[in-house]
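Q: Fold the following.
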Amino acid sequence: MPCLILEFQNLDGEAIDTVTIEGDNPTHALSYLEERETPFPVKLWRERYRGREYLGEVQRDRAGVWHILETEPIARER
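A: Numbers count the residues shown, from 1 in each chain. Take a look at the predicted model:
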C-alpha cells in the first residue's frame with residue numbers, strides 16, 4: 001500500500017523525526033500537520049512499491065495556507 005512520509009527537520013536541515021501516513025494523497029499529510037501545528041521544516045515523500053518519490057518541502061504561508069514547494073532534494077537526502 002502506498003504511504004506518505006513526513007520528515008521533520010531542525011533549523012540546520014537535519015532529520016529529527018519521521019512520520020509515515022497510509023495513503024497516496026498529499027492532503028493527508030497537510031491535515032496531519034494542521035492538527036499538530038509543527039514549527040519545524042518538513043520534507044514530504046511518497047513511497048510506493050517502485051520506490052520513494054520526493055514531493056517537496058511543506059510550508060505554511062502567513063495566511064495559514066499550506067504549500068508543497070517542489071524543490072530538488074540535496075544529495076544527503078534519501
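Q: Please read off the pLDDT at the residue of the chain most remote from its centre from the model.
A: Distance from the C-alpha centroid of the chain peaks at residue 63, with 19.7 Å (C-alpha atoms, centre = their mean). Note for residue 63: predicted pLDDT of 90.
Q: Report the separation between it and residue 37.
A: Residue 63 is 15 Å from residue 37, where distance means C-beta to C-beta, to the nearest Å. Using the backbone N, CA and C atoms, a C-beta is placed for each residue, glycine as well.
Q: circling back: am I right that the residue farthest from the centre of the chain is in a strand?
A: No - counting by DSSP: H, G, I helix; E, B strand; the rest coil, residue 63 is located in no strand; its state is coil.
Q: Distance-wise, check it relative to residue 12.
A: According to C-beta to C-beta, residue 63 and residue 12 sit 28 Å apart.
Q: go on, residue 62?
A: Distance of residue 62 to residue 12, computed by C-beta to C-beta: 24 Å.
Q: Do a quick rundown of the strands in the protein.
A: 3-9, 15-22, 42-48, 51-60, 66-69 (DSSP state E).
Q: Out of these, which is closest to residue 30?
A: strand 66-69 (4.5 Å; C-beta to C-beta).
Q: Give the pairing partners of that closest one; include direction for each.
A: When pairing is defined by DSSP bridges, strand 66-69 lines up against strand 51-60 (antiparallel).
Q: Buried residues of the strand it pairs with, list them for me.
A: Neighbour-count burial for strand 51-60 flags 54-58, 60 (criterion: 16 or more other C-beta atoms under 10 Å).
Q: Redo the residues you listed as CSV? Include distance to residue 24 and pLDDT.
A: Formatted as CSV, the buried residues of strand 51-60 follow (distance: C-beta to C-beta, whole Å; pLDDT from 0 to 100):
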residue, distance to residue 24, pLDDT
54, 15, 92
55, 11, 93
56, 15, 93
57, 19, 92
58, 16, 92
60, 22, 86
